[in-house]
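Engineer: 3D, please:
(2 chains)
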Amino acid sequence: MLPSEIQPGQFQSYPPEGRQLAARNAALLEQLPPVFLPLLLKEIIVYDWKFPAEREDLDRQLAYLDSLAPADRQRLLAGFAALKISPELQNQDWVNQPARFGEDLAAYLWATHQIDAFRAASLDYVQKVDAARPKEPLPMRRLGIVVVGQGVSETHYPLFRKLRKQGVYFSQVNPDDGVRVLLDAVAARAGAHPVPFAHWYIDGGAPEADRQGVIRVSYGGLAAVRTALLDKMQRAIQSGIGGPEALRTMLAELRPEDLGMSGSASEAVLDRFQISVLTEGSGTQIFSTIFVQWAAREAWRRAQPLTLFARYAPRQRQRPMNELIADHGDDRQVPDPEGSLIDADMGAFYTWLNQQRLADAERSSFLVWFEGHQQALAISPALPRGTESASAIDLMALVEQIA
Amino acid sequence: MPSGYPPMRTRLSPRQTAETVSWSRREFLHAATGAAAATALFALAPVPALASPRGRKVLVVTFGGGARDEETFMPDGQENIPHLLTELIPRSTFFTQVVNHGILGHYVATASLATGVYETFNNFAAVPPDHPTVFEYFRRDLKRPATDTWVVAPSNGFNRIGESGERSYGHGAGVVLPKRLLAAALSSGATLEYQHLLRDNYETPLYAPEISGNEVELPQLADLLKLSVTDFTAHARNLASPDELSVYVAKELMRQLAPSLLWITLHDMDVAHAGCYSLYIEGIQRTDRLCAEIWKAVESNPEYAGKTTMFVLPDFGRDSDLDASGNGFQHHRTGDALSRTTWMMVMGPGVRENVVVDRPVQSLDLVPTLGALLGFSAQFAQGRPLTEVT
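Structural biologist: Next up, the predicted model:
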């Protein structure tokens, strides 16, 4: 089917708000290139479970496309229109299964050496849409906080190596009660700007107590969901599901209630987010460090919060081959604090990078602290770059200085 | 893309990025080893006459699983490859810019290395390459027996890499999958977790394609290598990783059969897909050590010493930290310039030592280069022989 053949009634399987959005924009959708439209529908079909910032982005994107004269829109999407796809792909039910189309399209573009052209078209499109976006200042400076190294008493690893040139390395931070101090700072920001999904706390272990107005996601809190998910994956593989693509499709179609989550309307958006972290993130079901890094990445990218606090915990140890053969019993839960510190140090760098990709990045601030220790690194427009400070300082004072 | 991050701003085109990476490798090598540029050297002296192909042996080692420059040749990464830097590169001609324009999946990319054609089959399917492999060219043109060429590969997906689906060829290399052999040796004693390790496609860690190819079975290998199953298992019990097992098997093949063309695919570092940076780094460090170990095995084996050319090259890299559509080191899905641009070192008799080649070459050039060295015609391969080492 070609985009020009779609009808508003074809979106009946979409959730209510996504259905309305598609129907409202049907006249625009039918003018879009065959490669581009299913990718846009992939976003529209999950509109009901998107965060406010994502909805705003999608609404704005559709409005922008609609505002263009046909010739300008063709120019904007020319890179996508030039891509050749097979009749099999074209004939897929991409209206109702756009995610599956996306999987198959990716494989096809790689196999036909069109992936570079697709990549170029995507970059060009994103840059142009981004340039058309109005630049409005945020109500408060965006703040990212990462805590690494739980359980490590001493390390020789060169911490914050990739971030040092961006800010100030503090070597005399008072670590007393540091996690509580930082969480209180997050809660205070949530109180000052009580916006839905604007303040996040992600933990790689068991979470600290809930704070008013702060979204809380934790590896420990999702233990039952992870177990249910791994069980489903294992059973699907044993049943001969047909390969990794089929497995990914199966995972993408899982609903919160399939994994024992409440499925209630009020929790639906967050539940869907957590499921996506576990099903779309590689390793997030098994290792807490990548869970935290990926959840933080996705929270930045999707919810675009004002505050994000990510705390790493020791992940389970990866057993070497000889131990697996020897089978000294199930010690999978034996933690690896030193390896986790290295993971988290890189994760902190990625969290900062992802924060930098958001609007108003030049005004944003970032803090990473070695839990229980005196080392921290802060990045802020208020601070110099590539410097060190040996002055004694409290974490609260540090946060106040950069936030 | 309709949603997601805007890309990190960069003023460099993909070509410029690749050239910058190449430049960084070259500058570092000049500083660290005093390596000379090949272009300058060649202006002064011709390549020395190469030894006759007869008796020549070739090892290809893929520094496989995907390593980035950040963790290898960039300043912060050099601590992870001490053996390459201090032992192997000073003895090598080093190509700083080897570009892979194909599909960045490990099996299909390694198969492309082995055929000299960008293969396009499903990376996760247990299928043979469409085009003749280097092993088939070698055996047919040089009339070599099956025992003269072998592949040691890490995972189930590689079991068809030894010979293609091309009808006019079809007699290629035996493929040894050491982990499968170990599983067979352990039989019912294999633990559930070890079974998990066998599903060694790290990108989809819970999935393994069905085995149906020409891989070598345990009794056959035990017979060929004169190695009892008990000995094999005992050695395996002292090895920490699948790549160590692969190198152990490769060394046994060299000792017992002394194949003229041996291909070893390392893969440990692909554990990066699990998202744990420390495990990825450990994988690189282990691969670095194993490459040096393989070369030591060459030098200490009379069948190989003085007549072996070794090629070491990654199959491809991993995603850049700066590409918003990826997640940095974890995957190789964006197809960005960094993930497509790697390096290659070549060492052995007749190969200039401590020389750097800056011009861009393709990973497809490997097979024609092997053909020029060994004396076969890679007629379907799309690359060109690398004149700097042939």
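
Engineer: Quick check: which element contains the residue in chain A that chain B sits nearest to?
Structural biologist: Residue nearest to chain B within chain A: A:I290 (2.8 Å; CB to the nearest CB). (Glycine included, C-beta is placed from N, CA and C.) Per DSSP states H and E: A:I290 is located in helix A:288-298.

Engineer: What would that helix look like as CSV? C-alpha coordinates only.
Structural biologist: C-alpha atoms of helix A:288-298 as CSV (Å, rounded to 0.1, in the frame of the first residue of the first chain):
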residue,chain,number,x,y,z
SER,A,288,22.1,-3.0,37.0
THR,A,289,24.7,-0.7,35.7
ILE,A,290,23.5,-0.7,32.1
PHE,A,291,19.9,-0.5,33.5
VAL,A,292,20.8,2.8,35.1
GLN,A,293,22.7,4.2,32.1
TRP,A,294,20.0,3.2,29.6
ALA,A,295,17.1,4.4,31.9
ALA,A,296,18.8,7.7,32.3
ARG,A,297,19.4,8.0,28.6
GLU,A,298,15.8,7.3,27.8
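
Engineer: Past it, which element shows up next along the chain?
Structural biologist: strand A:307-311.

Engineer: so B:T72 makes contact with B:H83?
Structural biologist: No. B:T72 sits out of contact with B:H83 when judged by CB atoms under 8 Å, with a separation of 11.6 Å.

Engineer: Show me which of those two is the more surrounded one.
Structural biologist: Neighbour count, other CB atoms under 10 Å in any protein chain shown: between B:T72 and B:H83, B:T72 has more, with 24 against 18.

Engineer: and the residue of chain A closest to chain B, what does it touch?
Structural biologist: A:G281, A:S282, A:G283, A:T284, A:R315, A:D343, A:G347, B:A274, B:G275, B:C276, B:Q330 (CB atoms under 8 Å, 6 or more residues apart in numbering or on different chains).

Engineer: any idea which element B:Q97 lies in?
Structural biologist: strand B:92-99.

Engineer: What is that strand packed up against?
Structural biologist: Contacts defined by 3 or more CB pairs under 8 Å, 6 or more residues apart in numbering or on different chains; DSSP states H and E place strand B:92-99 against helix B:14-33, strand B:341-347, strand B:355-357, strand B:361-362.

Engineer: so it versus strand B:341-347, what angle?
Structural biologist: Interaxial angle of strand B:92-99 relative to strand B:341-347 (axes from the mean of the first three to the mean of the last three CA atoms, to 10 degrees): 160 degrees.

Engineer: After strand B:92-99, which helix or strand is next?
Structural biologist: helix B:106-115.

Engineer: Now do the buried residues in that following helix.
Structural biologist: B:H106, B:Y107, B:V108, B:A109, B:T110, B:A111, B:S112, B:L113, B:A114, B:T115 (16 or more other CB atoms under 10 Å in any protein chain shown).

Engineer: what does stretch A:206-222 give?
Structural biologist: Quick answer for stretch A:206-222 (16+ other CB under 10 Å): A:P207, A:E208, A:R211, A:G213, A:V214, A:I215, A:R216, A:V217, A:S218, A:Y219, A:L222.

Engineer: Then stretch B:383-390?
Structural biologist: B:G383, B:P385, B:L386, B:E388, B:V389, B:T390.

Engineer: What segments of chain B are strands?
Structural biologist: Assigned by DSSP state E, chain B shows strands spanning B:36-37, B:57-62, B:92-99, B:149-152, B:174-176, B:261-265, B:308-313, B:341-347, B:355-357, B:361-362.

Engineer: so what's A:A121 closest to, chain neighbours aside?
Structural biologist: Among residues not flanking A:A121 along the chain, A:G79 sits closest, at 2.7 Å (CB to CB, 6 or more residues apart in numbering or on different chains).

Engineer: host element of that neighbour?
Structural biologist: helix A:78-81.

Engineer: Please name every helix or strand in contact with that helix.
Structural biologist: Checked by 3+ CB pairs under 8 Å, 6+ apart, helix A:78-81 has helix A:115-132 packed alongside it.

Engineer: next structured bit after the helix it packs on?
Structural biologist: Following helix A:115-132 in sequence, per DSSP H and E, is strand A:143-148.

Engineer: Show me what that next one is packed up against.
Structural biologist: Using 3+ CB pairs under 8 Å, 6+ apart, strand A:143-148 sits against helix A:178-192, strand A:307-311, helix A:337-356, strand A:365-370, helix A:395-402.

Engineer: possible to save those as a markdown table with mean neighbour count and mean pLDDT?
Structural biologist: Below are the helices and strands packed on strand A:143-148 laid out as a markdown table (neighbours: other CB atoms under 10 Å in any protein chain shown; pLDDT from 0 to 100):
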| stretch | mean neighbour count | mean pLDDT |
| --- | --- | --- |
| helix A:178-192 | 19 | 98 |
| strand A:307-311 | 26 | 98 |
| helix A:337-356 | 24 | 98 |
| strand A:365-370 | 26 | 98 |
| helix A:395-402 | 18 | 96 |
